[in-house]
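>>> below is the sequence, then the predicted model.
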Amino acid sequence: MTKPDNTTAAAGGSRLERGVMRPVPKRKKARMQIELNDARQWLIARAGSGAAVVVYDPPYAVGTPVRGKDDGAAGSVFAPFGFLHETLRAARHALRDGGVCLVFADWRRMADMGYLCSTVGLRPSTCVAWVRKRPGTGGMLRSAWDPILIASRGVPDAVDRAAVRNVIEADYPTKRTHPYGKPAAIFETLFPRVCRAGDLVLDPFAGSGVSRDVAAKLGLRWEGCDIDPAHAEAA
């Protein structure tokens, strides 16, 4: 009689140890970590990854250059076209056909973003109004809403076409862990409309990781990075 091989795996997730069938311990699921990286290079490296969604929420820095030479409106820093154009183009190559880019911006950037999307092969498909009850800072009229442009690679692959208004009401948390972090309710509303279980979400400006937490709750794969070491969890 042949002696049992202690290292031979048996069917049903078990193994033989001294002739006794014992269950094989399950591997722990890898944690979705925020990488320390530059969004531009990180997105370029993910060309062809077939993502369903790219969350696009860069630091627009109105009145302050993002990096390098900014050649926006009339030579001012109104629109840092170079950086935005390159990252949007990389986002397009990371998306699958029908995938969408969720472009967060305020009214001052939205015209530029729609134009830039069209130059890289992303189709502006619709726009969502993100409305807040608590107004922000300002002078004459304080901001209480922002547009979210939904641009797609080709015809958007809408998983859910139920009649839902293009308005999301969600306030910032009273104590934010990131100055530009978005409420989870935004992603909880948008991800199910364009994602199926197991789909990939990319967030090159991950910040506090809110999109990651929502993706995990919905059973989606997620990858993200941030250039700020204070917010990146792993290099």
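That came through fine.

>>> any regions of this structure where pLDDT drops low?
For the chain, applying pLDDT under 70 flags the ranges 1-31, 61-79, 137-138, 174, 176, 178-179, 234-235.

>>> could you pull out the helices for it?
39-44, 81-94, 107-120, 184-194, 210-217 (DSSP state H).

>>> JSON lines for those, including mean neighbour count and distance to E223?
Backbone N, C-alpha and C define where each C-beta goes, glycine included. Below are the helices of the chain laid out as JSON lines (neighbours: other CB atoms under 10 Å; distance: least, CB to CB, whole Å):
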{"stretch": "helix 39-44", "mean neighbour count": "20", "distance to E223": "9"}
{"stretch": "helix 81-94", "mean neighbour count": "21", "distance to E223": "10"}
{"stretch": "helix 107-120", "mean neighbour count": "17", "distance to E223": "20"}
{"stretch": "helix 184-194", "mean neighbour count": "19", "distance to E223": "14"}
{"stretch": "helix 210-217", "mean neighbour count": "21", "distance to E223": "9"}
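
>>> will you turn those into a markdown table that also has distance to P173?
Shown next, in a markdown table, are the helices of the chain (distance: least, CB to CB, whole Å):
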| stretch | distance to P173 |
| --- | --- |
| helix 39-44 | 24 |
| helix 81-94 | 27 |
| helix 107-120 | 23 |
| helix 184-194 | 9 |
| helix 210-217 | 9 |
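
>>> mind checking which of those helices is nearest L202?
helix 81-94 (5.8 Å; CB to CB).
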